[in-house]
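Engineer: What shape does this take:
(chains A, B and C, ligands or ions: 2)
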Amino acid sequence: MAAAGPAPGAARGPAVPGDRPLTLPLLLPAWAVIGVFLVVPVGLMVVYSFLTQGFRGGVIWEFSLAAYDRFFLDRGLFGDEPPRLEWTYIAVFWRSLWQAGLATLTCLIVGFPTAWFIATRPARSRTAWAFLITVPYWVNLLIRTVSLRFLIRDQGPVNQALIALGLTDAPIQMLNTDFAVQLGLFYSYLPFMVLPIYAAVERYDFALSEAAADLGASRWVALREVVIPSVRPGIVAGCLLVFIPSLGAFLAPDLLGGAKTYMIGSLIEDQFKGSLGNWPFGAAVSVILLSMVLVALLFYARNQAREGRA
Amino acid sequence: MSGGVRHYPGFAAIAALCLAILYLPLGVVAVYSFNASTSITAWGGFSWRWYIDVFQGPEAPRFRAAAWNSVTIAFLAASVATAIAVAAAVAMVRSGRFRGKSATFALISLPLMVPEIVTAVATLIFFSTIGLTPGYLTILIAHITFCIPFAYLPVAARLSGIDPAFEAAARDLYASRGQAFRLILLPLLAPGIVSGWLLAFIISLDDFIITNFVKGAGMETLPTAIFGSVKQGIKPNIMAISTMLLAVSILFVTLSWLAGRTGRRAAAPS
Amino acid sequence: MAEAAVVVRDAVKLYGGVVALDGVSLSIRDNEFFTLLGPSGCGKTTLLRLIAGFERLTSGAIALHGQDIADLPPDRRPVNTVFQHYALFPHMTVLDNVAFGLKMRGVGLAERRRRAGEMLEMVHLSGFAGRFPAQLSGGQQQRVALARALAPGPRVLLLDEPLSALDLKLRQAMRVELKTLQEETGITFIFVTHDQEEALTMSDRIAVMSAGRLQQVGAPREIYEEPVNRFVADFIGETNLVPVEVGAVAGGLAPVALPGGAVLQLAAAPGSEGRHHVSIRPERLRLAPSGAGQLSARVERIIYKGTDLQLVARMAGGGELHVRIQNTARADLPPPGAEVGLVLGEGAARLLAD
Ligand SMILES: Nc1ncnc2c1ncn2[C@@H]1O[C@H](COP(=O)(O)OP(=O)(O)OP(=O)(O)O)[C@@H](O)[C@H]1O
Ligand SMILES: [Mg+2]
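Structural biologist: Numbering: from 1, shown residues only, chains lettered A, B, ... in the order given. Ligands and ions are numbered 1, 2, ... in the order given. Next comes the predicted model:
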């Protein structure tokens, strides 16, 4: 007589005869918690973005496009005159994209050589280096940002040092500038750039570089023509890991930047603070931010699939 | 020279610079937390006064309450998230291929992919809709949710390095399913579980953005308390708290790293 | 004859679309050293895992001493396994490893200590009880795995390539030890290997497998001397496969025409007329002057192999023949290019079903 095969649709695995398959019950808690407390909330957030603003925070359950209208349009779709784009919020997004992009680039320029250097250490010191790079990531982001604020304020140690060295007479204003935000983002997310590149370089076959050198390529040509294409998945992953959180960053712009460096994170946060907030608008901005991140992730997934095929 | 192609001039300097940038601000704050002077600008000699201030000063009750909330939430969130993560990892790694496997992996990693501020907004909206008053419970639920992937990754990584033949051997030697899990898999998986729990604990302890959204009035964790104080300017007692938090984080990450390392040596199939 | 220890009937195992076992039927006797032999990927491990209970049959049946066990989990089958890489629990001492099965069966502490100690003595590892597996050599780990699997007193012991991780000398020593152990304990051994020499020297019977199917089951001598088909003849030892023309079968015999015209009378199944192959072992061919013998060929080269030499010759039709020559008479070997005749000894050629 035949042993019963796995029920159709049931999770199948190498469960031994006589064992009930446990895949489903084991996965259920994870599905339930993330489903109920993250997927449902994100869905609800999308719904909220189409509701009417409540008087003191919150919403009125009436369909409305007001949030998106406020974000994109200066003059409405339904007026007599043709609709016109509203630039205020698009500018905030643009500035955030630009800041995040620049931070990603800086992290890459510093992170790649660092990752390369670590990956070419002897095995023993390599793990120690990788560990040293990771530790700051686990230190509270708030504390790191506050430390930076302490360091670069007008009377802070950096300015004191500059004055003591005679490099400047008066303190250089660094706090509340784009530079400070850049520094904050760079400092916050640098380990995210280093680690995936490090992992990729560690798997890189250095014989390829030797072959390139043997065929007459200089180091830098070999870097461009052989190394970078080989470790590209690591670079792409690193860029994404820096870019995505930078785009929605709140602490660095809030604590290091000023009014001029307003970014998406602060724009969203403002909509939910106190009675002046606008929940549907805040939800709409979050939806737009999330969509941009999903696009970046899709791009990454496609890239991965292509690398996998190659 | 064989190391020739590995060497690029300047890379070592950049790596050193990188470490300096990462540690300099933390180091400076740690040093200034021992400053005897009330001014945060001038150095007034070494002193423990700000640490004493944290525990006995005027703000001490507030910090104590916040620390209690932070630590208990981190403990509970890490424990629940790790339990969920271990169950999920066993199913994912030991069930072969099944329908919905990659979707499940995407779901488990979702908290890592959604920007924190978006998670914060969505969670706030959710709790407000179902009418759950913001407070300890809402923070705890939110923390459990985003801790799951942090606990999951080390556990799953460890589990996929454990030869399934160990469990098969236990079953072969008359162990029931439960006994094979308890006596064989769990001890072998322990370093991964410890590592995952510690990381989840730190992540929960450190969270500011999501907590800030769902905490409600009057409820503070250490990061939100620090943020509130910093808005008025950085005071030396904040530097003392920060330094302590820093020490806790570094201690936990080091432990987690060591757990992962010692475990890996023992787990390789003999 | 002893009763059957394990009976497998029409066992089919699919992994997704992959057919790992394609209808295997097999009866393994009690107290037998039974070997599953076949090339990599032929389904040996799969069959063993089905008997142990680590996999579920897609269809078919497995019985152990007359009891249907297809639906029982491994912990309810009186069968133990020695794993290919031993799978010794790394967090337990050698003694705890060996006592594990007894503990799971509810044997008390003192008694299982005693029995585990006995087992360790049997495999000559008494001094190693307190060590951890990582502190043992490969050969020692192998013995611990053996002791652990034997400790609960199984009626059938399954061994999946247990010697493959050992070096040659140790492997040869362990072959003898395993065989002795099997004879002393009287436990049925089902042994998996892809090493034909191992199979031939240790087994009471061998099952040759290929692509999920059984090709032949028989004693080592039978398998080697009387292969039933090209696969078995080719896989076990070295052989020359020579194309032949089979005439009308009568009384179990048929005239078989070799290339070059010589005709032999060989055992043949009814209905096997037509083009077939005979298998001729290299050591059963003897060199003769050109024109003598049943086959003729031209010498191509001579390969030095230590104890013997291998002469490679090509028949007129193009087929290659290998002839084994004892390394004693080098002086009178024909030079490459020479025409030679080849004499087939009595029973040297065996007609194969394809
Ligand atoms: N878990 C599995 N999933 C999918 N296919 C499998 C699985 N296990 C085995 N197979 C396939 O089934 C076939 C038989 O595999 P099996 O392990 O039984 O071979 P084997 O004879 O033991 O080979 P080897 O000598 O290499 O150990 C192979 O084609 C293999 O690829
Ligand atoms: Mg096998």
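Engineer: what sits against residue C:33?
Structural biologist: C:179, C:182, C:189, C:191, C:202, C:203, C:204, C:205 (Cβ atoms under 8 Å, 6 or more residues apart in numbering or on different chains). All C-beta spots, glycine's among them, are computed from the backbone N, C-alpha and C.
Engineer: Quickly list what it is bridged to.
Structural biologist: As for beta bridges, residue C:33 partners with residue C:189 under DSSP bridges.
Engineer: Dihedrals phi and psi, the closest residue to ligand 1 within chain B?
Structural biologist: For chain B and ligand 1, the shortest gap (Cβ to the nearest ligand atom) falls at residue B:96, measuring 6.9 Å. Backbone torsions of residue B:96, given as degrees, to the nearest 10, read phi 60, psi -150.
Engineer: follow-up on the earlier one: out of the contacts of residue C:33, list just those in helices.
Structural biologist: Residues of these located in helices (DSSP state H): C:179, C:182, C:202.
Engineer: Redo these as TSV? Include pLDDT.
Structural biologist: Shown next, in TSV, are those (pLDDT from 0 to 100):
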residue	pLDDT
C:179	92
C:182	93
C:202	92
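Engineer: The stretch 201-310 of chain A: strands as residue ranges?
Structural biologist: All residues of the stretch 201-310 of chain A lie outside strands when identified by DSSP state E, counting those that start in this stretch.
Engineer: which residues of it fall in helices?
Structural biologist: Along the stretch 201-310 of chain A, the stretches classed as helices by DSSP state H, counting those that start in this stretch are A:207-214, A:219-222, A:228-247, A:251-256, A:264-271, A:279-309.
Engineer: ditto for chain B
Structural biologist: B:11-32, B:49-56, B:60-94, B:101-113, B:116-130, B:136-160, B:165-172, B:177-179, B:186-206, B:209-214, B:222-231, B:236-267.
Engineer: returning to what we had before: of all the helices of the stretch 201-310 of chain A, which one is nearest residue B:52?
Structural biologist: Closest to residue B:52 of the helices of the stretch 201-310 of chain A, according to Cβ to Cβ: helix A:251-256, at 26.8 Å.
Engineer: Just the buried positions in the closest one, please.
Structural biologist: By 16 or more other Cβ atoms under 10 Å in any protein chain shown, the buried positions in helix A:251-256 come out as A:251, A:252, A:253, A:254, A:255, A:256.
Engineer: close to chain B, is that helix?
Structural biologist: Yes: using Cβ under 8 Å from any Cβ of the partner chain, we find that helix A:251-256 touches chain B at A:251, A:255.
Engineer: Quick one: mean pLDDT for that helix?
Structural biologist: Per-residue pLDDT values across helix A:251-256 average out to 89.
Engineer: what does stretch A:107-123 give?
Structural biologist: 92.
Engineer: Just the residues contacting it, thanks.
Structural biologist: When contacts are defined by Cβ under 8 Å, 6+ apart, stretch A:107-123 is touched by residues A:126, A:129-130, A:133, A:186, A:189-190, A:192-195, A:197-198, A:201-202, A:204, A:234-235, A:238-239, A:242, B:3, B:6-8, B:10-12, B:14-15, B:17-18.
Engineer: cool, and stretch C:341-350?
Structural biologist: Contacts of stretch C:341-350 with the rest of the structure, by Cβ under 8 Å, 6+ apart, involve C:225-227, C:233, C:242, C:256, C:258, C:264, C:266-267, C:278-281, C:284-297, C:313, C:321, C:323.
Engineer: send the alpha carbons of it over as CSV?
Structural biologist: The C-alpha coordinates for stretch C:341-350 follow below in CSV (Å, rounded to 0.1, in the frame of the first residue of the first chain):
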residue,chain,number,x,y,z
GLY,C,341,45.5,-14.1,-32.1
LEU,C,342,43.5,-14.3,-28.9
VAL,C,343,42.4,-17.5,-27.2
LEU,C,344,39.2,-17.5,-25.0
GLY,C,345,39.5,-19.8,-22.0
GLU,C,346,36.6,-22.1,-21.1
GLY,C,347,33.6,-20.0,-20.1
ALA,C,348,35.4,-16.8,-20.7
ALA,C,349,32.7,-15.2,-22.9
ARG,C,350,29.3,-14.5,-21.4
